[in-house]
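> Here's my sequence, what's the structure:
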Amino acid sequence: MRTIVLDVPEWPGHRPGQHVDVRLTAEDGYQTERSYSIASPPEQELLELTVERLDDGEVSPYLVGELREGDRLELRGPIGGYFVWSAAASAVDESPLLLVAGGSGVVPLMCMLRHRAAAARRPAARLLYSARTADELIYRDELDRLVAARDGLAVTVTLTGAPPPGWTGPTRRIDERMLAGTAWPAAQRPAAFVCGPTGLVEAVAGDLVKLGHDPGRIKIERFGPTGGA
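Sure, this is the predicted structure:
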């Protein structure tokens with residue numbers, strides 16, 4: 001994983017949850033393009049993308065391993081108007097924020113939490129975050145600091161691989177029972193955002209509906225073919 005900080009001339013601003021397309025052009029004219037969620041909040045001047053290196057990827061190996069300060073990238077965006085959240089809008093209906101992430105799906109949700117931390121009024125928020133191992137947790141130290149602020153944010157991390165010594169959190173994939181124990185009750189009508197591998201996102205969304213949550217309040221963003229973190 002690598003977080004890339006970009007100075008984008010005339011950046012129009014973005015909403016938490018949006019993404020950009022990054023296009024690379026080879027010397028022979030071959031072009032390839034991939035989408036990456038924006039990690040930085042709209043309150044920040046510089047744009048941040050947190051990129052996971054995929055061994056068979058065409059763009060991520062360059063961004064993670066070869067990109068250097070001063071290099072130029074071609075961006076298109078911001079893109080997306082469905083998977084977005086605003087602290088101001090949440091303050092109007094006073095709905096809590098429910099975030100569920102698998103692996104690098106935490107990136108756009110982190111943008112939302114950073115935006116929330118910068119807001120004057122902060123709705124109560126819960127993040128349920130699934131990763132294979134503790135070493136693969138993204139933003140772990142920053143999430144600890146946000147929780148330590150004691151402003152209504154709770155974070156639950158579950159590991160699907162071997163836990164480290166002393167681990168006290170759950171050690172399985174996100175399931176209906178875990179959601180029932182960590183999510184807001186359906187009666188509180190939380191604004192729910194679920195992001196991660198396709199299998200995880202579809203399973204979580206289905207389980208939330210089973211628990212009585214309004215499907216219209218559940219927004220999803222998926223990547224990859226199948227499977228969960």
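> Please make it C-alpha for all contacts and neighbour counts, starting now.
Noted.
> how far does whichever strand or helix holds Val194 sit from the chain's center?
Assessed by DSSP states H and E, Val194 sits inside strand 191-197. Relative to its chain's centre, strand 191-197 lies at 8 Å (C-alpha atoms, centre = their mean, to the nearest Å).
> Give the next helix or strand downstream of that strand.
Using DSSP H and E, the first helix or strand after strand 191-197 is helix 198-210.
> so that next one versus strand 191-197, what angle?
Interaxial angle, helix 198-210 versus strand 191-197 (axes from the mean of the first three to the mean of the last three C-alpha atoms, to 10 degrees): 150 degrees.
> Export only the CA atoms of helix 198-210, formatted as CSV.
Taking C-alpha atoms only, helix 198-210 is exported to CSV below (Å, rounded to 0.1, in the frame of the first residue of the first chain):
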residue,chain,number,x,y,z
THR,A,198,-17.9,-8.1,-4.4
GLY,A,199,-18.7,-11.1,-2.3
LEU,A,200,-18.3,-9.2,1.0
VAL,A,201,-20.3,-6.2,-0.2
GLU,A,202,-23.2,-8.4,-1.4
ALA,A,203,-23.3,-10.5,1.7
VAL,A,204,-23.2,-7.5,4.1
ALA,A,205,-25.9,-5.6,2.2
GLY,A,206,-28.1,-8.7,2.3
ASP,A,207,-27.5,-9.3,6.0
LEU,A,208,-28.3,-5.7,6.8
VAL,A,209,-31.6,-6.0,4.9
LYS,A,210,-32.3,-9.2,6.9
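> And what about Leu146, helix, strand or coil?
Three-state call for Leu146 (DSSP: H, G, I helix; E, B strand; the rest coil): helix.
> Can you name the next helix or strand after the worst-scoring helix or strand of the chain on mean pLDDT?
Of all helical and strand segments in the chain, the minimum by mean pLDDT, DSSP states H and E falls on helix 87-93, at a mean of 73. Note on helix 87-93: by DSSP H and E, the next helix or strand toward the C-terminus is strand 97-102.
> by contact count, what packs against that next one?
helix 106-118, strand 125-131, strand 191-197 (3 or more C-alpha pairs under 8 Å, 6 or more residues apart in numbering; DSSP states H and E).
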